[in-house]
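S.K.: next one to model:
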Amino acid sequence: MFQQDLTETVKYLKPFALRLTHNATESEDLLQETLLKALKNESKFTEGTNLKAWLFTIMKNIFINDYRKKVKRPTILDTTESQYFLNSTITTANAAVSGMERDNIMMIIRDLDIPYRVPFMLYYKGYKYDEIAEKLNLPIGTIKSRIFFARKQLKENLQDYRI
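M.R.: Now for the predicted structure:
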């Protein structure tokens, strides 16, 4: 029953895959991956629920995960005559330069007025808006606006660090 319903749903999945990828070959690959994952996880599907929605969700998640992997993978252009694209996970960083940049950025942050710097640094350290508001005994709206203005000011002052 599951496999029969799965086969009937393919006609709806094909156009969705094509809309996501904008490429016929990639959409076929996405469709295959979706069907394979659905078959592997057949036991997780509850009979009587919406199979089509379940499959669309699987397809969308596969597409998003693949996209994230592609974005995170660095591509380096070799400027020699042959011009190869090299995909590499190894990058080298100049510790001295990055240390100087970090120090300069921290100096710019320290130049923020205290009412803006304190909430911004707490937010930067991972505190949530409500935690910051409670810690500083201020309304949450005030915290949100101060962090917004701190970020806006930093964006202006850090123009040199834009890539």
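
S.K.: show me what the helix or strand containing R117 packs onto, helices and strands only.
M.R.: With elements taken from DSSP states H and E, the one containing R117 is helix 114-124. Under the contact criterion of 3 or more C-beta pairs under 8 Å, 6 or more residues apart in numbering; DSSP states H and E, helix 114-124 touches helix 95-110, helix 129-136, helix 140-157. Yep, even glycine has a C-beta here, placed from its N, CA and C like the rest.

S.K.: the longest helix belonging to the chain: which residues count as buried?
M.R.: With DSSP state H setting the assignment, residue counts place helix 51-72 as the longest helix in the chain. Of all the residues in helix 51-72, those buried under the rule 16 or more other C-beta atoms under 10 Å are L51, W54, L55, F56, I58, M59, I62, F63, D66.

S.K.: now pLDDT and distance to G141 too, for these, in JSON lines please.
M.R.: As requested, these are exported to JSON lines (pLDDT from 0 to 100; distance: C-beta to C-beta, whole Å):
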{"residue": "L51", "pLDDT": "88", "distance to G141": "45"}
{"residue": "W54", "pLDDT": "90", "distance to G141": "40"}
{"residue": "L55", "pLDDT": "90", "distance to G141": "43"}
{"residue": "F56", "pLDDT": "90", "distance to G141": "38"}
{"residue": "I58", "pLDDT": "91", "distance to G141": "40"}
{"residue": "M59", "pLDDT": "91", "distance to G141": "40"}
{"residue": "I62", "pLDDT": "90", "distance to G141": "40"}
{"residue": "F63", "pLDDT": "90", "distance to G141": "37"}
{"residue": "D66", "pLDDT": "83", "distance to G141": "39"}
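
S.K.: in TSV, list the residues you listed along with distance to P119.
M.R.: Output for the buried residues of helix 51-72, formatted as TSV (distance: C-beta to C-beta, whole Å):
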residue	distance to P119
L51	48
W54	43
L55	45
F56	41
I58	41
M59	41
I62	39
F63	37
D66	38
